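Student: Attaching a predicted model along with its sequence, questions to come.
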Amino acid sequence: MNYLTNLSVIRKIVQVLAFVFFVYGGAVTGYYLSDKITAALPALSCAYDKQGSDYCVLIPFQHQMHHRLGEAIANGGNVLMALIPTLITLATFLILFVILNKAFCGWICPLGTFQEFLHMIGQKLGLQQKESLDHNVVKKIRPVKWFILVLLVFTFPLLSGLGYANHDLGDTFCRICPSRILTTLAVGDTTQLHVDTATTTTMVLSVFADLMFGIMIALALTIRQPFCRICPLLALHAVFKKLGLLRLVKNAVPRCDKCGLCAKACPMDIKEIHTDMTSKDVTFDDCTLCGRCVEFCPDTDVLQLKYATIPIFSASPQYFKKRKKAQTVWEKANLIAYFREKRQNKQDSKK
């Protein structure tokens, strides 16, 4: 299969370019210019990365809940004026989000890219891959991202600003976010990979952050997108998914009942892509619009990525056959298989 016609390869190229831009782009634009681009990126790119070209929307949301809204309420200030920065941040986020919808997760997010490449490393090392998680496990995991969004991004910072919670909880999610450790390590800064003993709260949060970063790395070698499943930004995307121009569309046919290849290909284990036979828009809450389900759908136009009303990538039997073959070749190629073959050839040559 020609690499230039392989959607997964095209996406990997975009992911690498986006990773370089968002993690190292500030080295070209300048650190202070990066603050002026949007500061409302719909992907996990961290402000603690001094070479980053932009940072995610969750950072200003926490800051505004803590230092603007919470303190305004606590001190009897003008609540409406305190809300204006939050509304501006939200509006900027929506302008960007409408353009690409949840594809910011599947194509742009540096942390998502990191997890995908870890999984590829696991494949090439010959580690036993967990192709799909049990659906009951997936259903139990799904609410976690909403819990994190509501509690860590909005509630704790607001309570901190009101004076009801420890000041160190004013940026609770940022303190445990794996992207903070990843993007700083990527530019040679090890200061975020530490245990902050300043207070009991900071010590607990930093230990949890380091532990979660390590667990994410270990899981990503064998499980697809482990942190993405609980990411609060994915939950925020889900709130506004109907506004995005890019979406996943399904034109179900009777054969869909017996197939299920789309759900098997989905890195987020969204079984509903297969089982939902009535919805046209199947951009579900956990969907990252990576397009793998479309690639592995064997029926013409059953699944499509559409931009507004324009199909930009559609399922086809011809593409499916080539893509399936390319995937089989990819999966068979790993270091364990290589060394086994090499050892076998060596033994055969001695006979």
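Tutor: It's in.

Student: which stretches of the stretch 201-350 of the chain form helices?
Tutor: Taking DSSP state H, counting those that start in this stretch to define them, one finds helices in the stretch 201-350 of the chain at 232-239, 261-265, 272-275, 292-295, 317-332, 335-350.

Student: Revised request: answer the last question for the stretch 51-200 of the chain.
Tutor: Using DSSP H, counting those that start in this stretch, the helices assigned to the stretch 51-200 of the chain run over residues 58-63, 71-74, 79-100, 103, 110-124, 135-141, 143-148, 156-162, 172-176, 178-186, 200-220.

Student: closest to residue 9 out of these?
Tutor: Residue 9 lies closest, by C-beta to C-beta, to one member of the helices of the stretch 51-200 of the chain: helix 110-124, at 12.0 Å. Quick note: C-beta positions are derived from backbone N, CA and C, even for glycine.

Student: and that closest one with helix 317-332, angle?
Tutor: Here the directions of helix 110-124 and helix 317-332 differ by 70 degrees (axes from the mean of the first three to the mean of the last three C-alpha atoms, to 10 degrees).

Student: so how far is helix 110-124 off the chain centroid?
Tutor: In this view, helix 110-124 has its centroid 12 Å away from the chain centroid, taken as C-alpha atoms, centre = their mean, to the nearest Å.

Student: returning to that earlier point: in a markdown table: the helices of the stretch 201-350 of the chain, plus mean neighbour count and mean pLDDT.
Tutor: Output for those, formatted as a markdown table (neighbours: other C-beta atoms under 10 Å; pLDDT from 0 to 100):
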| stretch | mean neighbour count | mean pLDDT |
| --- | --- | --- |
| helix 232-239 | 23 | 97 |
| helix 261-265 | 20 | 95 |
| helix 272-275 | 19 | 95 |
| helix 292-295 | 26 | 97 |
| helix 317-332 | 14 | 92 |
| helix 335-350 | 10 | 70 |
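
Student: got these as TSV, with distance to residue 285 columns?
Tutor: Converted to TSV, the helices of the stretch 201-350 of the chain look like this (distance: least, C-beta to C-beta, whole Å):
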stretch	distance to residue 285
helix 232-239	4
helix 261-265	15
helix 272-275	10
helix 292-295	15
helix 317-332	26
helix 335-350	37
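
Student: who wins for proximity to residue 126 among those helices?
Tutor: Within the helices of the stretch 201-350 of the chain, the stretch nearest residue 126 is helix 335-350; the backing value is 3.1 Å (C-beta to C-beta).

Student: just to revisit the earlier point, among the helices of the stretch 51-200 of the chain, which is the most enclosed?
Tutor: Mean neighbour count (mean count of other C-beta atoms under 10 Å) peaks for helix 103 among the helices of the stretch 51-200 of the chain, with a mean of 29.
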